[in-house]
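K.L.:
with the sequence up front, the predicted model follows.
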Amino acid sequence: MGPKSSASGFYLSRAAAALLALLLAALVLALGALAALYARARLEAAGPRSGAAASSAAAAAAEEAPELWSGSAPTVGASAKPSRRPGVWDDPRLPASLSPVNYQLELWPMLEPDERGLHRLSGQVNISVLCAEETDTVLLHSYRLNYSRVAVLAPPSGEGRVAVQDLWLAEKHQYVVLELRETLRAGRLYVLQLDFAGLLANDLSGLFVSYYEDFGVNKSLIASQLEPTFARSVYPCFDEPAMKATFNVRLVHPPDYVALSNMPAIDIVALPDFGAGAMENWGLMTFQELSLMYNPSQKFSNRKALICLIISHELGHQWFGNLVTMKWWNDIWLNEGFASYMEYLGASYIDPRLKLNELFLFFSLQAIFAQDGSVAHRPLSVKKEEIHLTTHIFPLFNMFTYIKGASFLRMISGFLTERLFTKGLSSYLKKFSFSNVDQEDLWSHLQTVIDEQNEVQLPTSLKNVMDSWTWGKGIPILTLNTSTGILTENQFYLLAGDKQNTDNHTWIVPVSWIKNGYEQPLMWLDNRSKVFPEMQLSSEHEWILLNVNVTGYYRANYDQLNWDRLVLQLEKDPKAIPVANRVQLIDDAFTMAISEYIEIETALSITKYLAKEEEIIVWYTALKNMLHFENSLVTHKSFPLLKKYILKRISPIYHYYESLIQGDFDTTADDFFVQTSLETIIREACSFGLQDCLQLATNLYQRWMKDPSNHKIPHSIRRPIYCYGIAMGNEKEWEFAWEMYKESTASSQMNDLLYGLSCTREPWLLYRYLQNALEASDSVAVDIFFNVAKNEIGRLVAWEFITANWKQINSQFEDQLIYNSVLGVVIERISTDLQFQEVKLFINIALDEEHKVVATEELENAWNTSMKWRNKVDTTVYDWLQKNTVDSEF
């Protein structure tokens, strides 16, 4: 993963190092080895871009690919013998006896398939290793590789070649085992020489071949994706993160191809087909095309900001992950958490309009807060003993590792100050450059910085503070009683029924807070409950807000007195509360209402001020949360009141952006939050029947129909305009969209058209649309079924169509796909006992036993939850909406 620095700072050039290695090896090799070296020397003389020649050993490896071993040593099969005695190969971790120093690696991937259609790979590797403990067994990771020659060379000063007694595969932990006739001596360098062969992958992992079209010409490329454990499928290696070494890589390829490897320059490559969004290979970062390529002429898209975030993430990895790497996968959050945190710093630096707090809240905090409330979730930190199999590693690459890790780092920066945090990280990176760490090393270096100053004081060591977070499950909820000043913490549970779990875990919480518009000194809650006299309210105009800019990883709850004061403050002057906190107040309130921490009326009251809200990110959050009410009330007597309530508040911000759309909309082209959230504003305004919105959709759609080339609808509002342009029209508007869909080659526009076509209010067109789905691909069919089922008129049409055509649908598509796309929507919208019984009967008749059990359980859970929710809606929400909705023109 790049060059290591030696103690003396002495470096050799690549050419000099290769020559020295050859000269040293020549001093100790027997006459028989000279032939192999001569063959390799001839190959090297041919130059790196010559595909006409390759070493005889590598060619032999390719020919002998079906065999594990074709040399003079005892031949063994490709599978480990069951009678093998117990040994170090039974341990899922490599032994500490050998550590790699340098790889001299040659790879020869075959771009042309053989007669069986397989792309073959052959190669040679010389691995210089340091022996730390005496051993007569060498373990290397190897997966689906075969070997034609293996040798172990001793130091130049001594014994020469070490004989290999046996070579075999320990398949359970993906090792190739070299059993030696002699013992390797501690403190000495050895060279492991292996000629190997394998196959290029076709699943975008390891070294894989990919095909693409370039101006009508079919072409191929070969690329790699080696994280986390795919390097072993390309060449034999010590495939563990702490086994770092330098590499000299030689790629053999046809002269009309270009080869790129990791060093010394940084290359950024867009791949047409790539499994990961991007990969931070040191000096050779690879991206999906959509994750890297941006066309400046495509205005009104948030893609520029998204690409900025992705590139910043991968650049962050050059320090956190590449330069400094975790010792083992249990600390993968030190890689991904840091890179995820750095992506926001980088993006907000490049474009100051991407405000850090709002950006992080929008993309990360709300997403992780919505998930981190289950009893099943594990802590961020994991004991290394728990991660020992390959199958344990892959699940670690999840949103908790990325986002929760980044959130904790942002929290540390908040309570330490950015200056001290940066100083500590600088020390950390310098100390562990080209090396490996665990989280204790990070805490230690940050603690050193803390101890050197008096400005920031913690209630205990940083390790104790952060252990309470990284080893704690879930997310805390802080509840403040402003009458007594008592602040308490408990684990937050999304499901009200989970509150019975008695987890006595205590987080050490940094409590930033505002009182009456002024930020106060940081407090620490280091017990389950603590009295803060400063947090008592003494007059009727005072209010308190916890978690300034939401830098802390917790939800904030208050007594009813303070909730009421916050509602009044928002109605009086919302700007006295930071934008990020206005977002979080709404999100916290609605989530806590659904989870039964506060009353529904309290959550609704937080939205009363929204007519004064100018920030589109706040509106996006409010509408996202109120969508739960909208779905629940759509068939209820409360719905007309909810419609009137929202329209009165959404009208000002809608009309502001409508004036821009009809005027100088170019001014919003690079505004990320507008391009991301405006679609939601227009969709909801039109959905609730705002006439100006429906007229705008009609006008823009009609202009587009008259001149599709010159009156394209801006990308950021295209989806709702397609939808309501079709909904307000008839067959002509629908047919036009269908023809545009068939002609389009842009996937984003095709997806928007698929959505828009489902918005028609004509049942016969919806039925025809569903018939078209039967002739489409699985993915398109799923989109059509799902979109039609989300339409209030289409829900019944989709249900009738599926029940009438189930045999054909079940045989033609994966029934689970259709179940997920339609049945889930139907279950969500069930409002009567008759509907419940109808769906239950269909499940029992149509689904197989496995899916029947799952679907029935989901149906009954949804029905019970719906009934419980509706009982509340019948009384509280209806009464509240009546009191807070006045007659208006809407």
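P.N.:
Received it, and whenever you're ready, just let me know what you need. As the structure is a prediction and not an experimental result, all values here were calculated from the model. Residues are numbered from 1 along each chain as shown.

K.L.:
now the residue nearest to H505 when sequence neighbours are not counted: how far from D498?
P.N.:
Spatial nearest neighbour of H505, chain neighbours left out: G472 (4.9 Å); criterion: Cβ to Cβ, 6 or more residues apart in numbering. Bear in mind the C-beta positions are built from the backbone N, C-alpha and C, glycine included. Separation of G472 from D498 (Cβ to Cβ, to the nearest Å): 16 Å.

K.L.:
I477 belongs to a helix?
P.N.:
No: secondary structure of I477 (DSSP: H, G, I helix; E, B strand; the rest coil): strand, not part of a helix.

K.L.:
ok, it - how many residues close by?
P.N.:
Residues lying near I477 (other Cβ atoms under 10 Å) number 21.

K.L.:
so P521 belongs to a helix, correct?
P.N.:
No: counting by three-state DSSP, one finds P521 to be strand, located in no helix.

K.L.:
what about it, distance to W764?
P.N.:
P521 is 67 Å from W764, by Cβ to Cβ.

K.L.:
between these two, which is the more surrounded one?
P.N.:
Taking other Cβ under 10 Å, P521 and W764 do not tie; W764 has more neighbours (10 against 7).

K.L.:
neighbouring contacts of the helix or strand harbouring that one?
P.N.:
For W764, the element it lies in under DSSP states H and E is helix 763-773. Contacting residues not belonging to helix 763-773 are listed as 731, 734, 757-758, 760, 780-781, 784-785, 788, 791, 793-794, 797-798, 801 [Cβ atoms under 8 Å, 6 or more residues apart in numbering].

K.L.:
same thing with stretch 568-586?
P.N.:
The contact list for stretch 568-586 (Cβ under 8 Å, 6+ apart) reads 355, 357-358, 361-362, 365-366, 514, 517, 543, 545, 547-550, 556, 566, 606-609, 612-613, 615, 617-618, 621-622, 625.

K.L.:
just the endpoints, please. Distance across that stretch?
P.N.:
Using Cα to Cα, to the nearest Å, one end of stretch 568-586 lies 14 Å from the other.

K.L.:
repeat that for stretch 511-527.
P.N.:
13 Å.

K.L.:
for that stretch, list every residue counted as buried.
P.N.:
With burial defined by 16 or more other Cβ atoms under 10 Å, the residues of stretch 511-527 counted as buried are 511-514, 520, 523-526.

K.L.:
how about the nearest residue to Q536, chain neighbours excluded?
P.N.:
Here the residue nearest Q536, using Cβ to Cβ, 6+ apart, is G485, at 4.2 Å.

K.L.:
wait, I meant S381
P.N.:
S381's closest residue in space is T470 (Cβ to Cβ, 6+ apart), at 4.0 Å.

K.L.:
contact partners for the one you found?
P.N.:
333, 379-381, 408, 439 are the contacts of T470 under Cβ under 8 Å, 6+ apart.

K.L.:
what residues sit buried inside the helix holding W764?
P.N.:
Across helix 763-773, burial judged by 16+ other Cβ under 10 Å covers 765-766, 769-770, 773.

K.L.:
now, which of those sits nearest R419?
P.N.:
Distance ranking of those against R419, using Cβ to Cβ, places A773 first at 57.8 Å.

K.L.:
report the separation between that closest one and R718.
P.N.:
In this view, A773 and R718 are 22 Å apart by Cβ to Cβ.

K.L.:
and E542, by the same measure?
P.N.:
Plainly put, E542 is 47 Å away from R718 if you go by Cβ to Cβ.
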